[in-house]
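Chemist: Sequence first, then the predicted structure:
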Amino acid sequence: MMVRFKCLVDVITSCDLDTVRPYVALEHVEGGTGRLLSDIELPECTTPASGAAAVEAGDVLFGKLRPYLAKTWRADRAVFASTELLCLRPRPKIDTRWLGHVCASRPLVDWAVATSDGTKMPRTSWEKLSEYRLWIPPVDTQRAIAEFLDAEVARIDALVAKKKRMAKLLTTRLEGLIDYSTVTEWVV
């Protein structure tokens, strides 16, 4: 059944909590991977500015600014999120992992780009993103799709890590073969 995106999620735009949580801003989210940047520590924050969201584990964050960067993250813990991130909480019968894959999918990102305003710093809005139409499979099918995609992503990540290790080993080996005493003769 084809439905509007707004039928799948509730948008969380408040943080009434008076507690300390990590704060996720757009620059903490890696583009196109569905992850936070690995080399950054999230700052702690107590009740951020208005419009920021109190995110719970399972919510999906979607970057509004420059949506072509495909900055999404399925929260694995409670955090606060900046106003540049839409906090999407899945409704009943919507699997959070499936929703995370939908938010990172090329069709949804393309829709966000096409409905953005601005040229230098294009920005989408919930009002426009909410009108995206998609087919919603039954929840057991959503889970099966998410399990398959999670397994494929893990397999690809393992291959990428292996290629990086191979490149590092090759660089180390090549550096060991270079006779640096002759290198100075090349420099003019």
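Modeler: Noted; the coordinates are in hand. Note that this is a predicted model, so its numbers are computed, not measured. Residues are numbered from 1 along each chain as shown.
Chemist: Any regions of this structure where pLDDT drops low?
Modeler: 17, 48-51, 178-188 (pLDDT under 70).
Chemist: Could I get the full set of helices for the protein?
Modeler: For the chain, the helices defined by DSSP state H cover 96-104, 106-114, 126-129, 139-177, 180-186.
Chemist: for the residue nearest to the spatial centre of the chain, what are its contacts?
Modeler: In the chain, the centroid-proximal residue (CA atoms, centre = their mean) is Thr72; its distance is 2.3 Å. If you count contacts by CB atoms under 8 Å, 6 or more residues apart in numbering, Thr72 has them with 29, 34, 60-63, 100, 103-104. In short, each C-beta sits where N, CA and C put it, glycine included.
Chemist: Need the max-distance pair from those residues.
Modeler: Maximum pairwise distance in the contacts of Thr72, criterion CB to CB, is 13.5 Å, between Gly63 and Gly100.
Chemist: thinking again about what came up before, select, out of the helices of the chain, the one closest to Val20.
Modeler: Taking CB to CB, helix 96-104 is the member of the helices of the chain nearest to Val20, at 24.3 Å.
Chemist: Who are the packing partners of the closest one?
Modeler: The helices and strands touching helix 96-104, judged by 3 or more CB pairs under 8 Å, 6 or more residues apart in numbering; DSSP states H and E, are strand 60-63, strand 72-74, strand 85-90, helix 139-177.
Chemist: in that helix, what's buried?
Modeler: Residues of helix 96-104 classed as buried under the neighbour-count rule (16 or more other CB atoms under 10 Å) are 96-104.
Chemist: Dump these to a markdown table, plus distance to Asp110.
Modeler: Written out in a markdown table, the entries for the buried residues of helix 96-104 read as follows (distance: CB to CB, whole Å):
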| residue | distance to Asp110 |
| --- | --- |
| Thr96 | 22 |
| Arg97 | 21 |
| Trp98 | 19 |
| Leu99 | 17 |
| Gly100 | 17 |
| His101 | 15 |
| Val102 | 13 |
| Cys103 | 13 |
| Ala104 | 12 |
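Chemist: Go through these and name the one nearest Asp10.
Modeler: Using CB to CB, those come closest to Asp10 at Leu99, 11.6 Å.
Chemist: hang on, the closest one packs against Phe62?
Modeler: No. Applying CB atoms under 8 Å, one finds Leu99 not in contact with Phe62, separated by 10.1 Å.
Chemist: what about stretch 74-93, start to end distance?
Modeler: End-to-end distance for stretch 74-93: 17 Å, by CA to CA, to the nearest Å.
Chemist: Buried residues, it. List them.
Modeler: Residues of stretch 74-93 classed as buried under the neighbour-count rule (16+ other CB under 10 Å) are 74-75, 79-90.
Chemist: Among the helices of the chain, pick out the one with the most neighbours on average.
Modeler: Mean neighbours per residue, mean count of other CB atoms under 10 Å, is largest over these for helix 96-104, with a mean of 22.
Chemist: how big is the angle separating it from helix 106-114?
Modeler: 50 degrees (axes from the mean of the first three to the mean of the last three CA atoms, to 10 degrees).
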